[in-house]
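A.B. asks: Next come a sequence and a model predicted from it.
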Amino acid sequence: MADGELCIQNALRMAPKDLFFDREPEIRTILDMCLQLAALPAQSCALMGPRRAGTSEIAKRIYKELFINQESILPFWYGFDRVFQDPVHFARDYFSQLVRQYLAFQGKDPTLLLPRVIRFEAIERMVTDCSDARLHGLRDDFNAALGDADRTALLAFTLQVPEVLAQGSTGAACVILDHFHRVFRMNWSDGASLTELFPQAMGSPAVPHILTGQAEVLQRHYLSMETTAGRIRRISVAGLDSKRALEAFLAFCKRYDVAVEQEAAAHELHRFQGIPFYMLSVIRRARQEGIALNRWDAIRDTYFAEVEKGEIAFYYDSLLNRCCPGPFAKRDAIRILSHPLLHAGSRLALEELAKRLLLDLDAARVLVDALASSGLLAENYGMVAPVENPVFDDFLRVAHRYWIGRVGSDEIRKDLFRGTQDVPVLTELKKDEVSEPGRKEKHRVSFGLVLPMVSETELVAARAAEQVAERVDFPEEDIGRIRMALIEACINCFEHSGSEDGKIYITFTLDTEKLSIVVEDKGVSFDPKKVPVPHRPEGTGAPSRRGWGLELIRNLMDQVVFEDVPVGTRLRMVKYYPKDTGLKAQAG
């Protein structure tokens, strides 16, 4: 059956065996579910994982196993490689693919799966030439539905074809739908959408469907629908663990004849998140440029080249281009995705995000919706949140500096790999009890933090604020405001201080009533009275950025005061505890 396997591999464009690494547990889980269909009804499932984790390749191997190594389950494969603008074109294509695969499986002739694209008329001739009377009847019913003006009825009939074919043969079938997230882009005015109709087709316990696609998009648009919630099993497909990822990286280097040192590979392995696509992109570039990956900095620099201008950059740039109608929209999309608070893990209201970036609200809403539909951003009920993807974050850093910062390649590389502390170390400065006339003693504890003025320092400061806020029962909303105010204060230091020592000095003080945050630099003195009151001009003129940062800080905190100091600027921000809340006992 070697030729048959080759036909299936070519028809589905499967990755070669030596480039597909160790997904046997996931494949076996789904195969066991399918092979028990005769005795035990199965639930449809969705393979959920990070981008390029290999869910499509897993699904392809499941189809190959079902086609070659068993006879009791009809296997069907449909890849949403195109976005159809007409329900008739989709119905003809879907029907053609299923009928061709049925004939190939029944006749054990994988050559019928080629070529990948086939005309509907050719399928009709194949049906006519076969002796299956039931298939003749199905074809006639489909042609009758095509001639009817009711497009919803046509689509509903088409989606039931796997069940009809199974009832007349094996009694059970498995339908694999690859890149199912593209269904949500097929909205036509003539007939119901596939999103509305597929849940009914997936309701048959004898014909489970297996979905692959962008996890965030599937969750947002399909799995949370009333008609699908709780009916579709989610199967997690994570990146390879560190041991398997190292084995894969070394195996891929051997496959491409690239020299590599295991210790260097292990040192830089975290960059790839266990995703073979990222590893292969770096290794292919090393092969093309004759680079030996026997030092950790060689792997790191090759990774940077990929994120900047290689396969990884091309992949994510293509996704961005699909979301943006032009270069100015792309620039704004990068600004949205790169917002410091989103990078710090916060959720922001769309209105707040648009105000912070000085974007038109309607334009921002269109962009956020497009980014969320592509799985690059999470959006729900007007709240915007980041999607965890460190490699995409690296791409964004490069894109942001190119599109907005206009920084050179060498400077971007240094900035990307300079690194910042994931968990800032707070130094306890003092802990005391202060007596004030006519008042009871105050418990007070202070922490200090000194940070360099480098990229993403504001995020480190925000994490420090979280550490301090954990000592007090602040509501989540207040913690978000504190984080945002501190980020804005740090950004102001970067942009306006001109400090020679290049450092920001932050002090957090907790007492029984409030949290005080002092942000100080040793640069140019700052006079808040000279900052104009920000406003949006009428008409289409672009709003000035001056004053918006300070205005935002004042809106977020309870007190904002600039204190006189001999050198530089000192900003004190205060947030009072909610009623009946104070410094926790363990603060000391």
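C.D. replies: Done, it's in.
A.B. asks: What residues of whatever helix or strand residue 302 lives in count as buried?
C.D. replies: If you go by DSSP states H and E, residue 302 is part of helix 296-309. By neighbour count on 16 or more other C-beta atoms under 10 Å, the buried set for helix 296-309 is 296, 298-300, 302-308. For every residue, glycine as well, the C-beta is placed using N, CA and C.
A.B. asks: before we move on, what about stretch 31-41?
C.D. replies: Here stretch 31-41 shows 31, 33-35, 37 as buried, counting by 16+ other C-beta under 10 Å.
A.B. asks: Likewise for stretch 83-90?
C.D. replies: Buried residues in stretch 83-90, counting neighbours by 16+ other C-beta under 10 Å, are found at 84, 87-88, 90.
A.B. asks: Kindly check the end-to-end length of it for me.
C.D. replies: Distance across stretch 83-90, first residue to last, is 9 Å (C-alpha to C-alpha, to the nearest Å).
A.B. asks: before we move on, back to that, a markdown table for the buried residues of stretch 83-90, including pLDDT?
C.D. replies: Listed next are these as a markdown table, based on pLDDT from 0 to 100:
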| residue | pLDDT |
| --- | --- |
| 84 | 92 |
| 87 | 94 |
| 88 | 94 |
| 90 | 95 |
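A.B. asks: I'd like the list of those residues that fall within helices, please.
C.D. replies: 87-88, 90 (DSSP state H).
A.B. asks: nearest to residue 268, of those residues?
C.D. replies: residue 90 (44.3 Å; C-beta to C-beta).
A.B. asks: ok, that closest one - contacts?
C.D. replies: 84, 155, 158, 186, 194 (C-beta atoms under 8 Å, 6 or more residues apart in numbering).
A.B. asks: State the distance from it to residue 209.
C.D. replies: Taking C-beta to C-beta, to the nearest Å as the measure, residue 90 falls 16 Å from residue 209.
A.B. asks: could you redo the buried residues of stretch 31-41 as TSV and give each row distance to residue 256 and pLDDT?
C.D. replies: Below are those laid out as TSV (distance: C-beta to C-beta, whole Å; pLDDT from 0 to 100):
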residue	distance to residue 256	pLDDT
31	31	90
33	36	85
34	35	85
35	36	84
37	41	76
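A.B. asks: Just put the residues you listed in CSV and tack on distance to residue 386 and secondary structure.
C.D. replies: Formatted as CSV, the buried residues of stretch 31-41 follow (distance: C-beta to C-beta, whole Å; DSSP: H, G, I helix; E, B strand; the rest coil):
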residue, distance to residue 386, secondary structure
31, 35, helix
33, 33, helix
34, 36, helix
35, 40, helix
37, 40, coil
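A.B. asks: of all the residues you listed, which comes closest to residue 53?
C.D. replies: Out of the buried residues of stretch 31-41, the member with the shortest distance to residue 53 (by C-beta to C-beta) is residue 31, at 18.7 Å.
A.B. asks: number of nearby residues for residue 121?
C.D. replies: Number of residues near residue 121 (other C-beta atoms under 10 Å) recorded here: 10.
A.B. asks: again, but for residue 311
C.D. replies: Residue 311 has 16 nearby residues by other C-beta under 10 Å.
A.B. asks: Spit out the contact partners of the closest residue in space to it that isn't next to it in sequence.
C.D. replies: Spatial nearest neighbour of residue 311, excluding adjacent residues (C-beta to C-beta, 6 or more residues apart in numbering): residue 281 at 4.1 Å. Shown in contact with residue 281 (C-beta under 8 Å, 6+ apart): 306, 310-312.
A.B. asks: thinking again about what came up before, from the contacts of residue 90, which land in helices?
C.D. replies: Cross-referencing the contacts of residue 90 against helices under DSSP H gives 155, 158, 194.
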